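Q: here are the coordinates; sequence isn't available:
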């Protein structure tokens, strides 16, 4: 079946602009995760959704970052007023349910802030 | 907090050599442990997992044993192939938690023919 998909695959934006990153999880997966992969920080967990709710947003790097999930499916990660330090690969993953622990990752969105 | 420490590479081996990539962790409670692999140009894939102490995860000739007494989850393979060249990440997930995965920095493995 189809895996986790993310769009766009690459995004170049100017400092100060807002960007939206999209994630389509595997159909039927109730849990959805966002991560950031950068050279300096490695892989960092950002936020988790069970259904449409995110119980803990403390992993988001700053208040410029927000995320939502609608209909228990598609999720959007929004970065406002982008900064150069936001340049990274943003990864989305989904799992059948939270306790399943096996996360399936998408190919990522490479964000470059110039 | 939770953390994972793994040897950083690059690690360069000849084909058919024995592989060990060390991984140790710090976590409260009883986490589940994972090895993920990222092949060149591809996304992260789950390689193997172990959910409780003394469990051995295995896949594609790779093995790792959950050692609670040494808080370790070392990855091993008896005979590596050129196709095993990739970046390997050790990770943990708190049992019952919603914290997502905590990853190590990754180990770049290069296998030479």
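A: Looks like it arrived, so ask away. Values in this document were obtained by computation on a predicted structure and should not be read as measured data.

Q: contacts only, for residue B:14.
A: Neighbouring residues of residue B:14 by Cβ atoms under 8 Å, 6 or more residues apart in numbering or on different chains: B:111-113. All C-beta spots, glycine's among them, are computed from the backbone N, C-alpha and C.

Q: in strands, which of those appear?
A: In strands, judged by DSSP state E, the following of those are found: B:111-112.

Q: between the contacts of residue B:14, identify the one with the most neighbours.
A: When neighbours are taken as other Cβ atoms under 10 Å in any protein chain shown, the top entry among the contacts of residue B:14 is residue B:111 (19 neighbours).

Q: show me what contacts that one?
A: With contact set as Cβ under 8 Å, 6+ apart, residue B:111 has these partners: B:12-15, B:17, B:80-85.

Q: leaving out the residues flanking it, which one is nearest to the closest residue to chain A within chain B?
A: Ranked by Cβ to the nearest Cβ, the top residue of chain B for proximity to chain A is residue B:100, at 3.4 Å. The shortest distance from residue B:100 to any non-neighbouring residue, by Cβ to Cβ, 6 or more residues apart in numbering or on different chains, is to residue A:45 (3.4 Å).

Q: would you list the phi and psi of that neighbour?
A: Torsion angles at residue A:45 (phi, psi; degrees, to the nearest 10) stand at phi -80, psi 130.

Q: bridged to it, which residues?
A: Residue A:45 has the following beta-bridge partners by DSSP bridges: residue A:35.

Q: ok, it - how many residues close by?
A: Residue A:45 has 20 neighbours, counted by other Cβ under 10 Å.

Q: I'd say it and residue A:59 touch.
A: Yes: counting by Cβ atoms under 8 Å, residue A:45 touches residue A:59, with 5.3 Å between them.

Q: pretty sure residue A:85 is in a strand, no?
A: No: Residue A:85: not assigned to a strand; according to DSSP: H, G, I helix; E, B strand; the rest coil it is helix.

Q: mind listing what it touches?
A: By Cβ under 8 Å, 6+ apart, the residues touching residue A:85 are residue A:113.

Q: can you give me the distance of it to chain B?
A: With the distance defined as Cβ to the nearest Cβ, to the nearest Å, residue A:85 ends up 18 Å from chain B.

Q: doesn't the residue of chain B closest to chain A belong to a strand?
A: No: counting by three-state DSSP, residue B:100 falls outside a strand, being coil.

Q: what sits against it?
A: By Cβ under 8 Å, 6+ apart, the contact set of residue B:100 is A:33, A:35, A:45-48, A:59, B:93.

Q: now flag whichever of those residues is closest to residue B:54.
A: Of all the contacts of residue B:100, residue B:93 has the smallest distance to residue B:54: 17.9 Å, by Cβ to Cβ.

Q: verify the stated contact: the closest one with residue B:30.
A: No: Residue B:93 sits out of contact with residue B:30 when judged by Cβ under 8 Å, with a separation of 10.7 Å.

Q: more neighbours: those two, which one.
A: Remark: of residue B:93 and residue B:30, residue B:93 carries more neighbours, 26 against 13, as counted by other Cβ under 10 Å.

Q: which pLDDT value goes with the spatially closest residue to the more buried one that is not a sequence neighbour?
A: Once flanking residues are discounted, residue B:93 sits nearest to residue B:32: 4.8 Å by Cβ to Cβ, 6+ apart. Residue B:32 is assigned 90 on the pLDDT scale.

Q: against residue B:5, how distant is residue A:73?
A: Separation of residue A:73 from residue B:5 (Cβ to Cβ, to the nearest Å): 36 Å.

Q: so between these two, which is more surrounded?
A: When neighbours are counted by other Cβ under 10 Å, residue A:73 and residue B:5 differ, and residue A:73 comes out ahead with 18 against 15.
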